[in-house]
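> Here is my input, please return the structure:
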Amino acid sequence: MVEWGDCDPAGIVYYPRYFEWFNASTTALFNAAGITTTSMHNMWKIVGIPLVDTRAQFFVSSKYEDELTIESRVTEFRHSSFDVRHLLKRADGALAVEGYETRVWTVRDREDPEKLRSSPIPDEVKKRFEGKD
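The predicted structure is shown next:
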C-alpha cells in the first residue's frame, strides 16, 4: 500500500522509494530461498551483496493508497555477481515500474581487511534459486 510519506507533493510515489522497495524485495527473495543476511555472514563469511548497478523504467504513476505488488527474481548468476529483475504492478495489473539490479558477492580482502573484493558465489546459493520463477 502506498503511504502518504512515499509520495511527492503531487501525490505520486517519489522515485527513490522504488529503489528502497527493490532493495527490500531482494532481501525478501533471498529470505524465501532460505538465505538470510545472518546466514550469509555466518556460513559464507561475506560482508554482503552490495549494489553495483541499478536502473528502472517507469511506465505508469503509482499514487497514494495504490496497492502494489512486486515480483522479483534472479535473472542470472555469474561467477561473483548476479542480476535481479523487479516488476512492480498496480492492483489493476498495470506494470508501473520495471527495475534492475546487479549485485556482487563480497568479502573482506585477506591482504587488507579494510578493502572489499568480490568472491565466487557458492553453488549452494545458486541451487536454492533453481526453478524459482
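> per-residue confidence at the residue positioned nearest the centre of the chain?
Centroid-nearest residue in the chain, with C-alpha atoms, centre = their mean: Thr26, separated by 3.0 Å. Predicted confidence (pLDDT) for Thr26: 98.
> Look up how far Glu3 lies from it.
21 Å (C-beta to C-beta, to the nearest Å). (Glycine included, C-beta is placed from N, CA and C.)
> same thing with Ile46?
32 Å.
> out of those two, which sits in the more crowded spot?
Legend: neighbour count by other C-beta atoms under 10 Å for Ile46 and Glu3, higher for Ile46 (21 against 10).
> Helix, strand, or coil at the more buried one?
The three-state assignment at Ile46 reads coil, by DSSP: H, G, I helix; E, B strand; the rest coil.
> Check which residues of whichever helix in the chain runs longest are buried.
Secondary structure of the chain per DSSP state H: the longest helix is helix 16-32. The neighbour-count check on helix 16-32 (16 or more other C-beta atoms under 10 Å) flags 17-19, 21-23, 25-26, 29-30 as buried.
> quick one: which of the residues you listed is nearest to Phe59?
Checking the buried residues of helix 16-32 against Phe59 with C-beta to C-beta, the nearest one is Tyr18 at 11.8 Å.
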